[in-house]
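Pasting a predicted model and its sequence here:
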Amino acid sequence: MSYPNVPPVAPLLAASLAAMTFIPDADAQPDGFNYDEALVPAYALPDPLVSLAGKPITNAKAWQSHRRAEVLGLFEDHVFGRTPSADIDVQFELLEGDDQAYDGRATRKQVRMHFRANDHHVAADLLIYLPNDAKGPAPLFVGLNFNGNHTTTPDPAVPVNQNWMRATNRDGVIDHRSSEVARGTSAKRWAIEAAIARGYGVATMYCGDLDPDFDDGFQNGIHPLFYRDGQTQPDAHEWGTIGAWVWGLSRAMDYFETDATIDHEHVAVLGHSRLGKSSLWAGASDERIAIIISNNSGCGGAALARRRFGETVQRINTSFPHWFNDAHQAYNENEDALPVDQHMLIALMAPRPVYIASATEDVWADPRGEFLAGKHAEAVYALFGKTGLTVEDQPAPDTPIGDYIGYHLRTGKHDVTAYDWEQYLKFADRHFGR
Ligand code: GTR
């Protein structure tokens, strides 16, 4: 696979300078943003239960047959972008498999997904572990990863991903290219052994296989596969990078449907931070996903945009102009004009179970705004006779709550921890009847 517009490999000197000055994206709580609850502006949220024509939506049938599509369309047009329709040839190639992974407790499969159109070819590798003591097809957690499949596990059979990496000059990545040193560096974020022990499979894929996480005008990754004759970049309402990542998750869902060892009706999608925004968008756009988990997803994810607490729409569109569609730029410092807010993204999961997780030190992501998005989505769950969070106020740290909308505020930083996974496993056990 080759990416024509990947930035050139920088000289070593520049690399070591960058290493000294590198500030992790997600740990920053930049100055000039509001972190004071008392300074949150007054705002009015759009009502998920009033149609564009002004009609009240009073039952599940009206939501499912009409209003849901309207809300989904608003997120497509104004936030994440529309996925163009195009004829893409998709093929799955089993690269290898081994039933002795994790000391014989799991079976590993590595599946290469090939995407071809317009003389372009892009491949994305799906790494799957399934429990060996499963009584039948295994339910599964699937999630995108930030730095390559080889970083999610110490398993030496997973090849080092050769594609461009956003993070650089740390954790075995030099000049945006990974190495053997990176193996297992994100393993703490992937509770593969805990999941296997409880009868779940885990599947993951590197988001940069689908679209490298930088703003190159959409010349690399899967976007060019979808261009019409003469088109050189997505139209204003078409998708950005998050849309491409989510398209890849749906192709993974297609694969699961072909694999008899996977219970494709019991798949939970999980994502952290930008990949948590992606797991929510995946759950909204692909109703085959049975449980949706947003870990510290923040602005553009679970956090209400109108609160302008921590990261704002303008800031995210400036730092990451490629994540959303071009039309989303119109809402920079103009959140009140958005025809949606993120409670409506949560509502698009209904009636499926959704879990929103925050962390006490992750104020950039607005933990309270993440909770409130769940709160304001409850009205849609109620149409289905389902209870949501079950509480009125944001719970104390480390107190998981919720029925169909799960929530916790973990003590600590912007991260995915064993504690977070423990709550997701319990939530899945409960909703999958295990
Ligand atoms: C930050 C960004 C957040 C979040 C985070 C991450 O820089 O502002 O919205 O997406 O990166 O993905 O780690």
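Thanks, I have the structure now. Predicted model, so just to flag it, every value in this text is computed and none were measured.

list the contacts for whichever residue of the stretch 51-200 of the chain sits closest to the ligand?
Proximity to the ligand, evaluated over the stretch 51-200 of the chain using C-beta to the nearest ligand atom, is greatest for residue 146 at 7.6 Å. Every C-beta, even on glycine, is put in place using the N, C-alpha and C of the backbone. The contact partners of residue 146, by C-beta atoms under 8 Å, 6 or more residues apart in numbering, come to 166, 167, 186, 206, 207, 272, 275.

what's the neighbour count on the first one?
Burial of residue 166 is recorded as 15 neighbouring residues (other C-beta atoms under 10 Å).

and what of the fifth one?
Taking other C-beta under 10 Å as the neighbour definition, residue 207 ends up with a count of 29.

Apart from its neighbours in sequence, what residue is nearest it?
Closest residue to residue 207 in three dimensions, ignoring its sequence neighbours and counting by C-beta to C-beta, 6 or more residues apart in numbering: residue 144, at 4.3 Å.

looking at it, residue 407 is touching residue 372, isn't it?
No - applying C-beta atoms under 8 Å as the test, residue 407 and residue 372 come out as separate, 10.4 Å apart.

joint contacts of those two?
Counting by C-beta under 8 Å, 6+ apart, the residues touching both residue 407 and residue 372 are residue 394.

Look at these two and report which has more neighbours.
The neighbour comparison of residue 407 against residue 372 (other C-beta under 10 Å) goes to residue 407, with 27 against 22.

Might you list the low-confidence residue ranges for this protein?
Residues of the chain that meet the criterion pLDDT under 70 lie in 1-28.

could you pull out the strands for it?
Listed in chain order, the strands of the chain (DSSP state E) span residues 89-100, 106-117, 120-131, 138-145, 201-206, 262-272, 291-295, 354-359, 405-410.

With residue 376 as the reference, name the closest of those.
The closest of the strands of the chain to residue 376 is strand 405-410. By C-beta to C-beta, the value is 10.4 Å.

roughly how far is the closest one from the heart of the chain?
For strand 405-410, the distance between its averaged C-alpha position and the chain's averaged C-alpha position is 17 Å (C-alpha atoms, centre = their mean, to the nearest Å).

Can you check what angle separates it from strand 291-295?
With axes from the mean of the first three to the mean of the last three C-alpha atoms, to 10 degrees as the basis, strand 405-410 and strand 291-295 are set at 20 degrees to each other.

contacts for strand 405-410?
346, 353-360, 367, 370-371, 374, 377-378, 381, 388-389, 394-401, 417, 419-420, 423, 427.

ChimeraX command to pick out the buried ones of those?
Applied in ChimeraX, the following selects the buried portion of these according to 16 or more other C-beta atoms under 10 Å:
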select :346,353,354,355,356,357,358,359,367,370,371,374,377,378,381,388,389,394,395,400,401,417,419,420,423,427
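
Fine by me, thanks again.
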